[in-house]
Each structure stands twice: as C-alpha cells, then as structure tokens.
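**Q** sequence? don't have it. structure:
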Ligand SMILES: Cc1cc2nc3c(=O)[nH]c(=O)nc-3n(C[C@H](O)[C@H](O)[C@H](O)COP(=O)(O)OP(=O)(O)OC[C@H]3O[C@@H](n4cnc5c(N)ncnc54)[C@H](O)[C@@H]3O)c2cc1C
C-alpha cells in the first residue's frame with residue numbers, strides 16, 4: 001500500500017523547522033529582504049540546528065538523515081521565506097552534495113565538516129553568461145593542465161552562495177579537453193580568494209533578495225591538479241545527477257511557497273472585512289483559496305513521490321522533472337492568487353505574500369527552466385533524442 005505518512009523522525013524534524021521558521025525567521029526576514037542583505041545570523045542558527053548537515057553522515061559532522069528530510073526542511077522554510085530556503089538548498093544540493101558524492105576521502109574530510117555545520121557555504125558554477133539551458137553546447141570556460149595545476153579561464157553567471165564572507169569553495173564546470181568534436185567537461189574546486197578568481201557585486205534581483213547570487217570571472221586562475229572533483233571528463237554526468245537531485249529540492253521549496261500562500265490567505269480571509277463581511281464569507285474567496293490548497297497539496301505529493309523514489313534508489317529522473325514543473329507552477333499560481341486576495345496590501349513589501357509573489361518566478365527558471373523540464377520528460381517518454389539533462 002502506498003503511504004505518505006511521515007515517520008517519527010521526519011515528523012519531529014518538520015515540527016522543529018516549522019517552529020524555527022515561524023519564531024526566528026518570520027519576524028526578521030522582511031528587513032533583510034528590503035535591505036538586500038544576506039542573513040548571516042539566520043544561516044548560523046540554521047547551521048546550529050543541523051539543517052546544512054541533514055543528508056550527510058555523522059563522520060562529516062552531518063545529521064545522518066536522508067534527502068527526504070532535507071526536502072522537508074526546505075518545504076517548511078519556504079512556507080515562510082525563500083531566501084533562507086534557497087541558501088540552504090544551494091548550499092547542500094549544489095554545494096556540498098557533489099563533494100560528498102564525487103569527492104575523494106581527502107576532499108570530503110577537508111571541506112564537508114564546515115559545510116555540514118553551516119559555518120561555511122559551497123557553490124556550484126555551471127551557468128555561463130552565454131547560456132544555462134544549452135549545456136554543454138554553450139559552455140566556454142576552460143581548464144587546462146599546466147604541470148601540476150589547472151589554469152582556468154572564463155566566466156559563470158547567477159551563482160548562488162558564491163560571494164558571501166563564509167563561502168569556502170565553488171565547484172566550477174569547465175572544458176578540459178575534446179574527444180572528437182565533443183567537449184570533455186570536468187568539475188574543479190576553486191577555493192574562495194584564489195588569485196585570478198573574482199566575484200562580482202550582487203545582482204539586483206526581483207526576488208530572493210536576501211540570498212547571494214553573483215557573476216564569477218576566472219583569468220589565468222591556478223588551482224592544484226588535485227582539486228579535480230571526481231574523474232576528468234565525468235563532469236557532465238556528475239552535473240546531470242546533481243541537477244536531478246536538485247530539482248527535487250527546488251520542487252519541495254516551491255511546494256512550500258505554494259503552501260505559505262495558503263497559510264497567509266487563510267488568516268487574512270478571516271481578518272479583512274469588505275462590504276460588511278469577512279473576505280472568507282464570499283464564495284469567490286473560498287473557491288480561490290480552495291484551488292490554492294489543491295495546488296499546494298498536489299505539489300507536495302509530486303515532490304514526496306520523487307524524493308521517496310530517489311531515497312529508495314529507484315529511477316527518479318522523470319519524476320524529479322515532473323515535480324519541479326508541477327511545484328513551480330503551483331508556486332506561481334498561488335503567489336498570483338494570494339496577492340489578489342490581499343488586494344493593495346498584496347503589493348506592499350511588508351506583507352509576506354508580496355515577497356512570495358516576487359520569489360515565485362525564479363522557480364520556473366533556476367535548476368532547469370520549465371521548458372527544460374518538459375524536454376527531460378519528453379525524452380524519458382522516448383519523444384526526444386537530444387540529451388538535455
Ligand atoms: C537567482 C538565480 C540563482 C541561480 N543559481 C545558480 C547556481 O547556483 N548555479 C548555476 O550554475 N546556475 C544558477 N542559476 C542559473 C539558472 O540555472 C539559469 O538561469 C537557467 O538554467 C536558465 O539559463 P539561462 O538563464 O541562460 O536561460 P537560457 O538558457 O538562455 O534560456 C532562455 C529561455 O529560452 C528557453 N529555451 C532555451 N533553450 C530552449 C529550447 N531548446 N527549446 C525551448 N525553449 C528553450 C528557456 O527555457 C528560457 O525560457 C541561477 C539563476 C538565478 C536567476
């Protein structure tokens with residue numbers, strides 16, 4: 001029998017993160033967002049709670065949990081705020097996870113304990129100014145071996161967590177050779193502060209305003225040969241695996257935002273009076289919130305399914321793409337409807353629903369656009385020949 005009942009550990013984690021989001025994040029995040037400031041204090045508290053170590057073994061200072069637990073935490077955080085949720089998502093799914101999955105024992109010992117404790121952040125640099133969807137075709141960054149060092153030249157765009165004062169390392173995908181006319185792609189770890197590696201100013205973004213996103217430039221940047229992550233030439237395959245997992249995480253975050261819109265509207269519908277009655281008295285409002293709840297519910301089931309398959313070691317590529325597509329749609333639709341229910345206050349930044357509206361759009365773009373998810377699903381159905389990730 002299929003069951004989506006959470007076990008005791010997952011239930012306890014959900015309650016802990018829900019309380020943390022409500023009591024610690026909610027009261028202060030609006031200020032960080034307005035100032036476009038990275039919330040170091042909140043990230044430190046999240047680190048102390050063990051959130052950055054959730055899916056990693058205790059030998060690396062992790063919590064010994066699983067990826068489902070990590071996604072649950074993202075869902076609960078995003079019910080309140082997406083900037084802290086994406087900081088956790090990118091730090092774990094894109095930053096630390098490739099080091100855990102593909103790193104040597106030395107690399108794991110060197111980097112993971114600080115990352116698992118949230119004392120440091122790692123980033124993953126794939127997208128380039130010339131293209132994000134068209135990888136590897138659009139990739140231009142190169143890393144060439146010169147003696148015992150890689151020499152990296154090129155640039156990366158939109159890299160989350162890459163420029164904070166606690167960022168320790170960015171894993172960069174680069175062309176390291178060619179087999180016939182196909183580029184050979186490898187993943188190379190570049191510690192923050194390496195000469196020849198510069199990080200731009202923060203982008204001025206529409207949403208996720210309290211998260212860190214930067215453009216990176218590499219000019220004759222030298223790192224030791226041993227900074228290769230995994231095997232040379234396996235970077236593309238590693239990236240596909242990293243993104244499949246990351247899509248489940250972004251789906252959970254999106255479903256959390258969709259649910260957060262319902263939370264806000266349920267409350268507001270009982271408070272706001274128009275034409276002599278609470279908004280919730282009107283069937284138009286009830287139906288709108290009912291539709292929002294239906295979307296949040298089906299979104300949650302979609303990521304639960306993908307995450308459960310992943311944790312069970314079953315194929316989950318198609319389900320991850322479906323979850324990412326479905327959950328980001330639900331987030332966008334609920335943010336639009338939630339803002340409408342709030343009327344003018346839905347357009348004022350101090351109300352969370354306005355933040356949700358600004359934060360929802362990028363969920364249809366990051367870690368593979370909605371079009372890319374459709375390409376993946378079509379390919380899994382045998383409808384498309386080209387490898388799109
Ligand atoms: C806030 C933020 C944080 C991010 N964090 C990271 C990060 O940490 N690391 C990282 O590597 N990247 C990151 N990204 C980059 C993100 O993954 C890319 O923006 C995304 O993959 C899309 O790439 P692009 O922006 O180059 O758009 P493009 O690839 O140029 O696509 C533009 C449009 O064309 C569509 N399109 C492209 N090709 C096709 C096609 N064949 N058929 C139909 N439609 C098509 C796309 O779906 C999209 O709508 C981040 C982006 C943002 C905005």
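**A** Nice, I can see it. Small disclaimer: the values here were computed from a predicted structure and weren't measured.
**Q** hey, which helix is longest across the chain?
**A** Longest helix in the chain, counting residues (DSSP state H): helix 235-271.
**Q** for the helix or strand following that one, which strands pair with it and how are they oriented?
**A** Toward the C-terminal end, the helix or strand that comes next after helix 235-271 (DSSP states H and E) is strand 273-274. With DSSP bridges as the test, strand 273-274 is paired with strand 277-278 (antiparallel).
**Q** who touches the partner strand?
**A** Among residues not part of strand 277-278, those counted as contacts by Cβ atoms under 8 Å, 6 or more residues apart in numbering are 269, 270, 271, 272. From N, CA and C alone the C-beta is placed, and that goes for glycine too.
**Q** for the first one, give me its contacts.
**A** It refers to residue 269. Contacts of residue 269 by Cβ under 8 Å, 6+ apart are 278, 279, 280, 285, 286, 289, 341.
**Q** which residue ranges of the stretch 101-250 of the chain form strands?
**A** Assigned by DSSP state E, counting those that start in this stretch, the strands in the stretch 101-250 of the chain fall at 121-125, 142-146, 149-160, 167-179, 182-191, 197-199, 213-224, 228-229.
**Q** any idea which of these is most buried?
**A** Greatest average neighbour count among the strands of the stretch 101-250 of the chain goes to strand 121-125 (a mean of 28), per mean count of other Cβ atoms under 10 Å.
**Q** thinking again about what came up before, ok, so of the contacts of strand 277-278, who is nearest residue 373?
**A** Within the contacts of strand 277-278, proximity to residue 373 (Cβ to Cβ) peaks at residue 269, which comes in at 32.4 Å.
**Q** tell me how far the nearest residue to the closest one once chain neighbours are set aside lies from residue 341.
**A** Residue nearest to residue 269 in three dimensions, not counting chain neighbours: residue 280, with 3.4 Å by Cβ to Cβ, 6 or more residues apart in numbering. For residue 280, the distance to residue 341 (Cβ to Cβ, to the nearest Å) stands at 10 Å.
**Q** so those two - more neighbours on which side?
**A** residue 341 (23 against 18; other Cβ atoms under 10 Å).
**Q** how about the residues of the stretch 51-200 of the chain near the ligand?
**A** 90, 94, 123-127, 131-134, 158-160 (Cβ under 6 Å from any ligand atom).
**Q** sort those residues by pLDDT and name the bottom one.
**A** Across the set of those, residue 131 stands lowest in pLDDT, at 84.
**Q** how many neighbours does that residue have?
**A** Residue 131: 13 surrounding residues under other Cβ under 10 Å.
**Q** residues contacting residue 224?
**A** Residue 224 sits next to 148, 149, 150 when contact means Cβ under 8 Å, 6+ apart.
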